[in-house]
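S.K.: Here is a sequence with its predicted model. Questions after.
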Amino acid sequence: QKEVEQNSGPLSVPEGAIASLNCTYSDRGSQSFFWYRQYSGKSPELIMFIYSNGDKEDGRFTAQLNKASQYVSLLIRDSQPSDSATYLCAVNGRELIFGTGTRLQVFP
Amino acid sequence: KAGVTQTPRYLIKTRGQQVTLSCSPISGHRSVSWYQQTPGQGLQFLFEYFSETQRNKGNFPGRFSGRQFSNSRSEMNVSTLELGDSALYLCASSFRQGKSQETQYFGPGTRLLVL
């Protein structure tokens, strides 16, 4: 059974801090990794994808991938209250396999 | 470019009834995947269609079915509804070039309540 694990949280950080969200996956053959953000009552919205080991930056977001450790993370710099949402990690297989998400709370 | 659209957005049904949900992918996208999202189980994969063919299927009973039309629009059907089918049903589209898993873009979802 291919699995994607995330800490459900909530992860609480003050405004302006760095939020670090983590995800581990079981299928060593996975090639593509995605982070989605989901606000309450809304559908998932793609934030970033990463295919290669290392870091990928996009604005305030940085995705980090370590295939040897089967670990992918998302860093959010200068966190804002509007970043408060559930963050879903997804890993490709024959289909996208999602973690259950980490709820992030950014307080002023 | 318009995003993924789903209709209806909300639906209330009673046990034993059937329901059909519709999804129109992003223009040019040929793959449509369906997911069920519940608070307890998270996002669960239902099936994927590409060029009118079901390419992959998740672990759901046969009451859940789908199809895709030549214009890439897709429908999913749930027959003999059960209370546990109450969920947010999400459709996602991607270009699906070759066999590699590409980025999927989600529609707003259909929230189904079974009474």
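M.R.: Arrived safely.
S.K.: Show me which residues of chain A sit near chain B.
M.R.: A:31-32, A:34, A:36, A:42-46, A:49, A:88, A:92-101 (C-beta under 8 Å from any C-beta of the partner chain). In short, each C-beta sits where N, CA and C put it, glycine included.
S.K.: Just to be sure, which of the residues you listed are found in strands?
M.R.: Residues of these located in strands (DSSP state E): A:34, A:36, A:45-46, A:49, A:88, A:92, A:96-98.
S.K.: Now list the buried members of the residues you listed.
M.R.: With neighbours counted by 16 or more other C-beta atoms under 10 Å in any protein chain shown, those contain buried members at A:34, A:36, A:46, A:49, A:88, A:92, A:96-98.
S.K.: Dump those into TSV; add pLDDT as well.
M.R.: Converted to TSV, those look like this (pLDDT from 0 to 100):
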residue	pLDDT
A:Phe34	94
A:Tyr36	97
A:Leu46	94
A:Phe49	92
A:Leu88	97
A:Asn92	86
A:Leu96	86
A:Ile97	90
A:Phe98	93
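S.K.: Farthest-apart pair in these, please.
M.R.: Among those, the pair separated by the greatest distance (C-beta to C-beta) is A:Leu46 and A:Ile97, at 15.7 Å.
S.K.: Low-confidence ranges, chain A, go.
M.R.: Judged against pLDDT under 70, the low-scoring parts of chain A cover residues A:1.
S.K.: and if we set it to 80?
M.R.: Residue ranges of chain A with pLDDT under 80: A:1-2, A:93-94.
S.K.: bridging residues for the residue in chain A that chain B sits nearest to?
M.R.: When scored by C-beta to the nearest C-beta, chain A has A:Asn92 as its residue closest to chain B, at 3.5 Å. A:Asn92 has these beta-bridge partners by DSSP bridges: A:Leu96.
S.K.: my read: A:Tyr51 touches A:Phe33, true?
M.R.: Yes. Between A:Tyr51 and A:Phe33 there is a contact under C-beta atoms under 8 Å: 7.4 Å.
S.K.: Tell me where chain B has strands.
M.R.: Counting by DSSP E, the strands of chain B are B:5-7, B:10-13, B:19-24, B:31-38, B:42-50, B:53-57, B:64-68, B:74-78, B:87-94, B:105-106, B:110-114.
S.K.: I'd like those strands written out as a markdown table, with distance to A:Gln105 added.
M.R.: Shown next, in a markdown table, are those (distance: least, C-beta to C-beta, whole Å):
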| stretch | distance to A:Gln105 |
| --- | --- |
| strand B:5-7 | 29 |
| strand B:10-13 | 27 |
| strand B:19-24 | 32 |
| strand B:31-38 | 21 |
| strand B:42-50 | 19 |
| strand B:53-57 | 35 |
| strand B:64-68 | 34 |
| strand B:74-78 | 34 |
| strand B:87-94 | 22 |
| strand B:105-106 | 23 |
| strand B:110-114 | 24 |
